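>>> the sequence isn't on hand, but the structure is:
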RNA sequence: GGCCAGUUGGUCAAGCGGCUAAGACGUCGCCCUCUCACGGCGAAAACAGGGGUUCGAUUCCCCUACUGGCUGCCA
């Protein structure tokens, strides 16, 4: 049987990394087996619907390369692929009625007030009070006539699943194995809401079946409601898909990754200067591990390597440090054209004067983890910072204020005469001077680099910096240094 | 509170009855070096606790602890 997976997001805002990982795994499972990957929009909750969220989903999937074979924009006959459109066909209600006929579901006319009366308050260990509701099957006792009357009278209703109060329900998850729960623990969940829309819990089962989905990937948080889905499949006489529940992704405090973490969404990460491929690579490895020791994977590599059986059971902390490392690996491997295109906007923001910005980009390439790091490294090209002459004293370089002053004063006229400020020309001038004086490289180069940058550490050395600054600015900075040192 | 699940170094993780318990990030040290990086080499660092089963448990079973999830006309 052909593998068919689906990514079924609710359009409620940004692309959470947990959702992105789910989409990625669904995509990889399908593509690993040359199967179909379907996009279905689950917008059954109009209250949470966010304008533009669907576009974010499209954009993210395209940018990350998770291209779907079927979806709202690529109807292959299983559509519509948007649940609100499916509601209009009346299909969910039809299926719900089938269950009512079978005694697996029932109409419920209870109002909010009665439901509220069912709540029992329980106090958690941390002192917080929690309300718990379990429906008491009150409306299950309604006779067929009473139901008909209520319906005819236009009373507001929902349709609930009828779960037996005895026995157990068992399902199998590909990661967690066999899980059995007491039916007593299962609430009669709502299938059709009073606004006529199906709940996620119901629509999800119907659509997965109708669309021929073979593997369902979703977060661990659905593990507890899966028995209810199993009952639904059984009630209809349908085969269940393979369930693949993924461990949660948490923040450093081991709490579910929340919006305020600042790196919870794909968009946040892009803003923070991360490369799309690195994000995808990193997320793939959160909760899944390949058979070998390799960690850098392109999407194609992942398709080849991915085996969902190796998904782990325990939650994974979203480790920014490792993402940064991985990002730096991707930056180092980028070809020049792509790298310049990405880096240039960040450089332009800091360096406004005319100079060889590609040279700046080159200097910074092996020194950044994210593109946002660029600004802090190259600010001195734009403007010589205020600095203290103590910086000229360096024990290991065997330099101090006096020796530096001497070096700079001797070098100044030579640089004034020099017209070719290319790296090789500057290098030969400096190295010529150093060997002529019989001093160590550091003794000659440290003062120059310091003078010309005004910083303790810089990307690149004296040659590179002077070459980028050009003759005029280099001389100006050397003279400033001399002035400072002479006081 | 109830139910479900999880627990290998700080983090991601391999392991699937017998190993000096991989690898990666991070940390630290050394080398390279005009600084910072890059690169190279190396070090420290882990099986939550207690019972079983077994000749032998990180691996299997039970209990405890801790963590997380669910307990919505949200998904």
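Thanks, I have it. Computed from a predicted model, the values in this text were never measured in an experiment. Numbers count the residues shown, from 1 in each chain, chains lettered A, B, ... in the order given.

>>> so which strand or helix has residue A:363?
Applying DSSP states H and E as the criterion places residue A:363 in helix A:357-365.

>>> neighbours of residue A:112, how many?
Residue A:112 has 8 neighbouring residues, counting by other Cβ atoms under 10 Å. (Glycine included, C-beta is placed from N, CA and C.)

>>> err, residue A:459, not the other one
Per other Cβ under 10 Å, the neighbour tally for residue A:459 reads 21.

>>> now it, nearest residue through space, not along the chain?
Closest residue to residue A:459 in three dimensions, ignoring its sequence neighbours and counting by Cβ to Cβ, 6 or more residues apart in numbering: residue A:363, at 4.2 Å.

>>> against residue A:221, how distant is the residue in chain A that RNA strand B sits nearest to?
Nearest residue of chain A to RNA strand B, counting by Cβ to the nearest atom of the strand: residue A:461, 2.2 Å away. Relative to residue A:221, residue A:461 is positioned 53 Å away (Cβ to Cβ, to the nearest Å).

>>> now the helices for the stretch 301-450 of chain A?
Counting by DSSP state H, counting those that start in this stretch, the stretch 301-450 of chain A has these helices, from start to end: A:320-333, A:336-350, A:357-365, A:374-382, A:401-417, A:423-437, A:441-453.

>>> if we can go back for a sec, go ahead and confirm the residue nearest to residue A:459 touches residue A:461.
No: the pair residue A:363 and residue A:461 fails to qualify as a contact (Cβ atoms under 8 Å) at a distance of 9.4 Å.

>>> hang on, residue A:63 packs against residue A:279?
No: between residue A:63 and residue A:279 there is no contact, the gap being 9.8 Å when judged by Cβ under 8 Å.

>>> so which of these two has more stuff around it?
Between residue A:63 and residue A:279, residue A:279 has the larger neighbour count (other Cβ under 10 Å), namely 22 against 14.

>>> tell me which element that one falls in.
Of the helices and strands defined by DSSP H and E, residue A:279 is found in helix A:276-284.

>>> now the helices of the stretch 301-450 of chain A in JSON lines, with distance to RNA strand B?
What follows is these, written out as JSON lines (distance: least, Cβ to the nearest atom of the strand, whole Å):
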{"stretch": "helix A:320-333", "distance to RNA strand B": "3"}
{"stretch": "helix A:336-350", "distance to RNA strand B": "14"}
{"stretch": "helix A:357-365", "distance to RNA strand B": "8"}
{"stretch": "helix A:374-382", "distance to RNA strand B": "8"}
{"stretch": "helix A:401-417", "distance to RNA strand B": "12"}
{"stretch": "helix A:423-437", "distance to RNA strand B": "7"}
{"stretch": "helix A:441-453", "distance to RNA strand B": "3"}
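
>>> so which of the ones you listed is the most surrounded?
Per residue and on average, the most neighbours among these fall to helix A:441-453, with a mean of 23 (mean count of other Cβ atoms under 10 Å).

>>> how many residues are close by residue A:480?
Neighbour count of residue A:480, defined by other Cβ under 10 Å: 15.

>>> now for the residue nearest to it when sequence neighbours are not counted, how many residues are close by?
Leaving aside its chain neighbours, residue A:480 sits nearest to residue A:384 (6.8 Å; criterion: Cβ to Cβ, 6+ apart). For residue A:384, the tally of surrounding residues (other Cβ under 10 Å) stands at 18.

>>> and the lengthiest helix in chain A with helix A:441-453, angle?
Secondary structure assigned by DSSP state H gives helix A:462-486 as the longest helix of chain A. Taking axes from the mean of the first three to the mean of the last three Cα atoms, to 10 degrees, helix A:462-486 and helix A:441-453 form an angle of 80 degrees between their directions.

>>> ok but residue A:170 is inside a helix, no?
No: when DSSP: H, G, I helix; E, B strand; the rest coil is applied, residue A:170 is found to be strand, with no helix at that position.

>>> contact partners of stretch A:357-377?
Around stretch A:357-377, the neighbours that count as contacts under Cβ atoms under 8 Å, 6 or more residues apart in numbering are A:272-274, A:324-325, A:327-328, A:331-332, A:339-340, A:342-344, A:346-351, A:378, A:381, A:458-460, A:464, A:467-468.

>>> can you give me how far that stretch is from the chain middle?
Distance of stretch A:357-377 from its chain centroid, counting by Cα atoms, centre = their mean, to the nearest Å, is 23 Å.

>>> what's the answer for stretch A:149-163, then?
In terms of Cα atoms, centre = their mean, the centre of stretch A:149-163 is found 42 Å from the chain centre.

>>> between the two ends of that stretch, what distance do you get?
Terminal residues of stretch A:149-163 are spaced 25 Å apart (Cα to Cα, to the nearest Å).

>>> contacts made by it with the rest, please.
Residues from elsewhere that reach stretch A:149-163 (Cβ under 8 Å, 6+ apart): A:96-97, A:99-100, A:103-109, A:111, A:135, A:137, A:139-140, A:142, A:183, A:186-194, A:202, A:228, A:231-232.

>>> so which of those residues sit within helices?
Here DSSP H is the test, and the contacts of stretch A:149-163 give A:96-97, A:99-100, A:202, A:228, A:231-232 as lying in helices.

>>> and these as TSV, adding neighbour count?
Formatted as TSV, the entries for these read as follows, by neighbours: other Cβ atoms under 10 Å:
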residue	neighbour count
A:96	22
A:97	15
A:99	21
A:100	18
A:202	26
A:228	22
A:231	21
A:232	24
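
>>> biggest separation within these, which pair?
A:97 and A:228 (18.6 Å; Cβ to Cβ).

>>> I'd guessed the residue of chain A closest to RNA strand B sits against residue A:445; true?
Yes: contact status for residue A:461 versus residue A:445: in contact at 6.6 Å, counting by Cβ under 8 Å.

>>> low pLDDT regions in chain A?
Flagging of chain A using pLDDT under 70 yields the residue ranges A:123-128, A:258-263.

>>> 50 - rerun?
Nowhere does chain A drop to pLDDT under 50.

>>> could you tell me how many residues sit around the residue nearest to residue A:54 when sequence neighbours are not counted?
Using Cβ to Cβ, 6+ apart and skipping the chain neighbours, the partner closest in space to residue A:54 is residue A:11 (4.7 Å). Here the number of neighbours of residue A:11 (other Cβ under 10 Å) works out to 20.

>>> quick one, phi/psi of residue A:11?
With angles defined as degrees, to the nearest 10, residue A:11 shows backbone torsions of phi -80, psi 80.

>>> show me the contacts for it.
A:41, A:43, A:49-50, A:53-54, A:56-57.

>>> quick check: residues of the stretch 1-150 of chain A near RNA strand B?
By the rule Cβ under 7 Å from any atom of the strand, the part of the stretch 1-150 of chain A lying against RNA strand B is A:8, A:10, A:42, A:44-45, A:47-48, A:110-112, A:115, A:122-125, A:130, A:132-134.
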